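**Q** Provide a 3D model corresponding to the input given below.
(one chain, ligands or ions: 1)
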Amino acid sequence: MFQRRMLPASSTRLGYPPLSPPCPYPQPKVWVAIATRMVPRQTVLSCGVGLVFTGNLYPAQRFRIEVPTCSNERGAISGLLSALRTVATDASLVIALENRAVVAQFTKRLSDNVASGWLATGTLAPIYRAAAAALTRRSLGTQFVPFRTHALHVEALSQANAARSLPPRETVATTHTSLALRGRPLATLTQGSAQLTLIASQKVPERKSTVTNIGLAIQAAGDAAGVWPTPARVWSSIRSRDIHRPTREFLWKLIHGAYKVGAFWLHVQDHEDKARCTTCGGTIESMQHILVECTAPGQKLIWELTAELSGRAGTAWKIPTLGSIMSSSLTGAAASAAQRRDFGAQRRQRILISEAAFLIWRLRCERVIQHENDPAKFATDQEIVRRWRATIQRRIRLDLQFTNRRRFGPRTLSLASMRATWEPILHPGSDPPPDNWWGGTGFLVRIWDGCSESPSGLNDEQLAQESDSSSREGA
Ligand SMILES: [Zn+2]
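**A** As a prediction, this is how the structure comes out:
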């Protein structure tokens, strides 16, 4: 919620001692509008920032910032810092910031931020602290006002758009030395919060593979939806309840590059041979190879089965890449409102792609670790089809269980969501689908009507048991 609030002329609320008294003479008010626009289709994220001031005193500004974790918030806070450094400190400043998250940090969350040393703002804390220090140097009040359609704001938006084609510039979060307060006030310090502050002050370098993989995931999601998610959005999407817990864990490790495959083994004495895929003539393995390239039984067939299932509902199918698998939990989530209408199809794609990739990975581990690459023990096509079908049936049954409001309360999956997700593939072309089709017991087996017979000759009952056992394997 936007709050219009005046920052006090006295700087004590920001955690600093009061500065010189305000100027007694009326000063002209300077208005500044600050807008940001992310640059689409880039592996390293960047953001264009535009600032426009009233009057002729200060020319409009535009610049582009580029960092791996760039976001509109980072752009907005950089714009604010630039405005605070531009406008004379004895002028009364009115700020129209497009980004409400930044405004909220300086208004309703101000007290908490000051008490915690801006810890909650994460990697943006140094710039927030610098902006807070710059605000305290102002002798008159500074006001935040809503960013509405107004000539000044429109001009700021066009500056931000134009800034996207400029060479990148760095935001230097230096603070006036006398105001360079670090840490947190003793009055509000507890043992727990002190520990959190200490942990936050220790720099943990990000894994190289994580940065590369997040870039791949963002690029794939951006290519698919035309909207570029932030790294934080990718991580939060993995926690989506649409993805089954073991699959979530798989995606998390996949993005972190936590699985020990391929090049990892080249550096382990006496285990160098584990780096290569024996089926593919000694190619160095990688998750990319395992999930979308390997010729060993499983990879190609499972994607074909997934494409068939997805195609039943008329959903467009693209051959997955490592990036699209890593961003599969984001399908539709990063889309614009207009694209988000087909909720069921997007939820189905999220589930199908992540489950397919996870099954390919499980089959690979069984082949390489359990069966030690013995071709005689490779899974047959029939077994793979059966495993895939069981995985999907189990997933649909889970969704059905999640519609039980008495059991799951606020976490219940709505019946409408469940139907929108599975009806198009369980009852393709039947309009309307049978009433209460989810009420019976044998409805799942009808998914495979028209497909080749259950290869192993298992009946429905055995298929159901099989699906349960495979779910335990995956857990
Ligand atoms: Zn291979």
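**Q** all contacts plus neighbour counts: C-alpha atoms, from now on.
**A** Noted.
**Q** Low-confidence ranges, the protein, go.
**A** Along the chain, segments meeting pLDDT under 70 span 1-27, 41-44, 171-184, 332-341, 441, 445-446, 449-475.
**Q** so who does Arg312 touch?
**A** Arg312 makes contacts with 424-425, 428, as judged by C-alpha atoms under 8 Å, 6 or more residues apart in numbering.
**Q** repeat that for 6 Å
**A** With contact set as C-alpha atoms under 6 Å, 6 or more residues apart in numbering, Arg312 has these partners: Ile425.
**Q** OK, contacts around the residue of the stretch 301-450 of the chain at minimum distance from the ion?
**A** Nearest residue of the stretch 301-450 of the chain to the ion: Arg364, at 9.3 Å (C-alpha to the ion). Applying C-alpha under 6 Å, 6+ apart to Arg364 gives no contacts.
**Q** number of nearby residues for Glu423?
**A** Residue crowding around Glu423 was assessed by other C-alpha atoms under 10 Å; the count is 19.
**Q** cool, the one 3 residues further on as well?
**A** Neighbouring residues of Leu426 were enumerated by other C-alpha under 10 Å; the total is 22.
**Q** Surely it is in contact with Ile447?
**A** Yes: if you go by C-alpha atoms under 6 Å, Leu426 and Ile447 touch, sitting 5.2 Å apart.
**Q** would you list every one of the strands in the protein?
**A** All strands of the chain, identified by DSSP state E, fall at 6-7, 29-38, 46-53, 61-66, 92-97, 142-145, 276-277, 283-284.
**Q** Mean neighbour count, those: which tops it?
**A** Most buried of these, by mean neighbour count (mean count of other C-alpha atoms under 10 Å): strand 46-53, with a mean of 27.
**Q** what helices or strands is it leaning on?
**A** Here strand 46-53 touches strand 29-38, strand 61-66, helix 151-163, going by 3 or more C-alpha pairs under 6 Å, 6 or more residues apart in numbering; DSSP states H and E.
**Q** Alpha carbons of the longest one, in PDB - could you do that?
**A** Okay, so that is helix 151-163. Below are the C-alpha coordinates for helix 151-163, written out as PDB (Å, rounded to 0.1, in the frame of the first residue of the first chain):
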ATOM      1  CA  ALA A 151       3.600  15.000 -18.200                       C
ATOM      2  CA  LEU A 152       6.700  14.900 -15.900                       C
ATOM      3  CA  HIS A 153       6.200  11.100 -15.200                       C
ATOM      4  CA  VAL A 154       5.600  10.300 -18.900                       C
ATOM      5  CA  GLU A 155       8.900  12.200 -19.700                       C
ATOM      6  CA  ALA A 156      10.700  10.100 -17.000                       C
ATOM      7  CA  LEU A 157       9.400   6.900 -18.500                       C
ATOM      8  CA  SER A 158      10.600   7.900 -22.000                       C
ATOM      9  CA  GLN A 159      14.000   8.800 -20.500                       C
ATOM     10  CA  ALA A 160      14.200   5.300 -18.800                       C
ATOM     11  CA  ASN A 161      13.300   3.700 -22.100                       C
ATOM     12  CA  ALA A 162      16.000   5.700 -24.000                       C
ATOM     13  CA  ALA A 163      18.500   4.800 -21.200                       C
END
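**Q** Next, the buried residues of it.
**A** Across helix 151-163, burial judged by 16 or more other C-alpha atoms under 10 Å covers 152-163.
**Q** Just want the angle from it to strand 61-66.
**A** 40 degrees (axes from the mean of the first three to the mean of the last three C-alpha atoms, to 10 degrees).
**Q** same deal with the first one?
**A** Here the directions of strand 29-38 and strand 61-66 differ by 30 degrees (the same axes, to 10 degrees).
**Q** So what are the sheet partners of strand 29-38 and their directions?
**A** Note on strand 29-38: by DSSP bridges, its sheet partners are strand 46-53 (antiparallel), strand 92-97 (parallel).
**Q** what's the spacing between that strand and its chain's center?
**A** Centroid separation for strand 29-38 versus its chain: 27 Å, with C-alpha atoms, centre = their mean, to the nearest Å.
**Q** With the last one instead?
**A** Mean-position distance between helix 151-163 and its chain equals 27 Å (C-alpha atoms, centre = their mean).
**Q** same thing with the second one?
**A** Taking the mean of its C-alpha atoms, strand 61-66 sits 24 Å from the chain's own mean (C-alpha atoms, centre = their mean).
**Q** got it, and stretch 188-205?
**A** Centre-to-centre, stretch 188-205 and its host chain are 25 Å apart (C-alpha atoms, centre = their mean).
**Q** Stretch 70-78 now?
**A** Taking C-alpha atoms, centre = their mean, one finds the center of stretch 70-78 at 16 Å from the center of the full chain.
**Q** can you tell which of the helices and strands packed on strand 46-53 is closest to Gly281?
**A** Among the helices and strands packed on strand 46-53, strand 61-66 comes nearest to Gly281, with 41.5 Å by C-alpha to C-alpha.
**Q** For that closest one, give me every contacting residue.
**A** Strand 61-66 is contacted by residues 45-51, 159, 163-164, 168-169 when judged by C-alpha under 6 Å, 6+ apart.
**Q** one more time with 10 Å, if that's ok
**A** 34-39, 44-53, 71, 74-75, 78-79, 82-83, 86, 156, 158-171 (C-alpha atoms under 10 Å, 6 or more residues apart in numbering).
**Q** re earlier: for the strands paired with strand 29-38, give me CSV that also has distance to the ion.
**A** Listed next are the strands paired with strand 29-38 as CSV, based on distance: least, C-alpha to the ion, whole Å:
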stretch, distance to the ion
strand 46-53, 36
strand 92-97, 52
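**Q** So which residues on the stretch 151-300 of the chain come close to the ion?
**A** Proximity of the stretch 151-300 of the chain to the ion, by C-alpha under 5 Å from the ion, involves residues 277, 280, 294.
**Q** Smallest gap between the stretch 101-250 of the chain and the ion, at which residue?
**A** Closest residue of the stretch 101-250 of the chain to the ion, C-alpha to the ion: Phe250 (19.5 Å).
**Q** Quick check: the gap between that residue and Phe378.
**A** Between Phe250 and Phe378 the distance is 22 Å, computed by C-alpha to C-alpha, to the nearest Å.
**Q** These two: who's more crowded?
**A** When Phe250 and Phe378 are compared on other C-alpha under 10 Å, the one with more neighbours turns out to be Phe250, at 22 against 19.
**Q** Am I right that that one is in contact with Ala356?
**A** No: using C-alpha atoms under 10 Å, Phe250 makes no contact with Ala356, being 11.6 Å away.
**Q** list residues touching both of those two?
**A** Common neighbours of Phe250 and Ala356 (criterion: C-alpha under 10 Å, 6+ apart): Arg362.
**Q** Dump stretch 80-94 to CSV, keeping only the CA atoms.
**A** Extracted C-alpha coordinates of stretch 80-94, given in CSV (Å, rounded to 0.1, in the frame of the first residue of the first chain):
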residue,chain,number,x,y,z
LEU,A,80,16.8,8.1,-6.1
LEU,A,81,20.5,8.3,-5.0
SER,A,82,21.3,10.2,-8.2
ALA,A,83,18.4,12.7,-7.6
LEU,A,84,19.5,13.3,-4.0
ARG,A,85,23.1,14.0,-5.1
THR,A,86,21.9,16.4,-7.8
VAL,A,87,19.4,18.6,-6.1
ALA,A,88,20.8,21.2,-3.7
THR,A,89,20.5,20.0,-0.1
ASP,A,90,18.6,23.2,1.0
ALA,A,91,15.9,22.8,-1.6
SER,A,92,12.6,21.2,-0.7
LEU,A,93,12.3,18.0,-2.7
VAL,A,94,9.2,16.1,-3.8
